[in-house]
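> Any chance you can model this:
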Amino acid sequence: MLLRKKENKSPAFQFYARDFLADINVQLMNMEQRGMYITLLSYAWLESGIPNDMRKLNLLCNNPANFDELIEDVLACFEESEGRLYNGRMESIRTEQMERKEKASEAGKVGAKKRWQSHSDPIATALPPHSTATASSSATATATAIKMNTVYLQIVGSYNKILGATLPQAKAINTKRKALIRSAWKDNPNTEFFVGLFSKVRNIPFLMGDNDKGWMADFDFILRPDKITKISEGSYKSNSNKKSGGNNKYDNTFKDEEKKIKFVCPNHLDIVKFGLKNLYTSCPKCKTRLIDEGSLLYTSVVEKATLLS
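Next comes the predicted model:
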């Protein structure tokens with residue numbers, strides 16, 4: 001999958017200033033982190049990704065004193081695939097550039113062929129040169145591979161953005177996940193389909209961990225062909241299709257207020273969720289399991305927080 005700089009000869013990429021400044025990840029960065037981010041984006045463009053190696057990234061960023069602390073927010077803008085890190089938006093831009101170049105090249109070849117045929121022997125031009133056909137086939141294969149790489153990054157990025165605060169994040173884009181994505185993409189070649197799919201999962205309490213066993217779905221589970229069908233067709237009970245007045249034990253919305261239990265994060269008391277006694281979910285900030293407000297553990301946490309305030 002590693003398509004290195006020889007396959008991307010463009011020295012520049014489009015920089016969308018409004019999108020950059022509106023990105024929540026960028027807004028959370030300080031000026032030093034933004035400088036690191038732009039530096040790594042530049043290397044990623046020239047080298048088709050950057051190494052997933054903290055020592056090498058430290059060198060690329062000119063060895064800042066507090067690198068370990070700074071790099072965490074910066075890497076939130078990259079996805080890992082086969083030992084390298086990629087920025088999804090940048091790979092989309094790369095694909096668009098290559099597709100434009102390929103279209104322009106094909107148009108030029110057609111024009112040149114017409115001009116050549118009008119001045120040459122028709123028998124001699126009936127068979128196109130083998131090298132031209134081979135080069136065209138190779139260029140098409142390269143463009144297809146880059147396009148799929150962009151698809152991998154976009155779909156994994158959408159999953160992490162929509163569900164990653166609660167469900168396990170998809171960190172690596174390995175062979176298994178590529179196969180799952182290709183299979184799903186074949187039937188639904190549109191990133192909007194996957195955004196809709198992940199949004200539906202968010203409204204299914206059972207898949208989000210609100211069940212007796214505390215089990216949660218993950219990226220690999222959701223992308224299984226049979227699960228895509230069940231989620232798409234509404235086979236799972238969700239907040240949007242529950243029966244009125246019913247007691248869906250996987251549903252966090254109740255008419256009977258007395259059945260609600262308040263759960264909080266022991267490290268971030270501002271993170272609050274309501275649900276049944278067996279609710280199993282984690283804090284989006286620190287991934288710690290939420291605890292029942294009425295428990296002794298919660299009382300101890302509040303007492304410590306009061307003493308420290």
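> Sketch out the low-pLDDT regions of the stretch 151-300 of the chain for me.
239-260, 275-281, 294-300 (pLDDT under 70).
> again, only this time at 80
Across the stretch 151-300 of the chain, the ranges flagged by pLDDT under 80 are 211-214, 237-300.
> Quick one: the strands in it, in order.
For the stretch 151-300 of the chain, the strands defined by DSSP state E, counting those that start in this stretch cover 261-264, 272-275, 291-292.
> Val26: neighbouring residues, count only.
Neighbours of Val26 under the rule other CB atoms under 10 Å: 18. For every residue, glycine as well, the C-beta is placed using N, CA and C.
> could you dump the strands of the stretch 151-300 of the chain to CSV with distance to Ala22 and mean neighbour count?
Formatted as CSV, those follow (distance: least, CB to CB, whole Å; neighbours: other CB atoms under 10 Å):
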stretch, distance to Ala22, mean neighbour count
strand 261-264, 31, 18
strand 272-275, 28, 17
strand 291-292, 35, 16
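> among those, which is nearest Ile231?
Comparing the strands of the stretch 151-300 of the chain against Ile231 with CB to CB, the closest turns out to be strand 272-275 (21.2 Å).
> and the closest one, which strands flank it?
Applying DSSP bridges, strand 272-275 is found paired with strand 261-264 (antiparallel).
> can you give me how far the strand it pairs with is from the chain middle?
Mean-position distance between strand 261-264 and its chain equals 30 Å (CA atoms, centre = their mean, to the nearest Å).
> One more: stretch 262-278?
That offset, for stretch 262-278, works out to 27 Å (CA atoms, centre = their mean).
> what's the answer for stretch 104-115, then?
Counting by CA atoms, centre = their mean, stretch 104-115 comes out at 38 Å from the chain centroid.
> Stretch 194-211 now?
16 Å.
> Ends of it, what's the gap?
24 Å (CA to CA, to the nearest Å).
> Touching, Leu85 and Glu47? I think so.
No: in this structure, Leu85 is not within contact of Glu47 by CB atoms under 8 Å, at 10.5 Å.
> Show me which of those two is the more surrounded one.
Leu85 (19 against 15).
> Bridged to that one, which residues?
Ile50, Glu80.
> how close does it get to Asn62?
According to CB to CB, to the nearest Å, Leu85 stands 18 Å off from Asn62.
> and what of Ile228?
45 Å.
> Please identify which of the two sits among more neighbours.
Remark: of Ile228 and Asn62, Ile228 carries more neighbours, 19 against 10, as counted by other CB under 10 Å.
> Contact partners for that one?
Ala184, Leu197, Ile222 (CB atoms under 8 Å, 6 or more residues apart in numbering).
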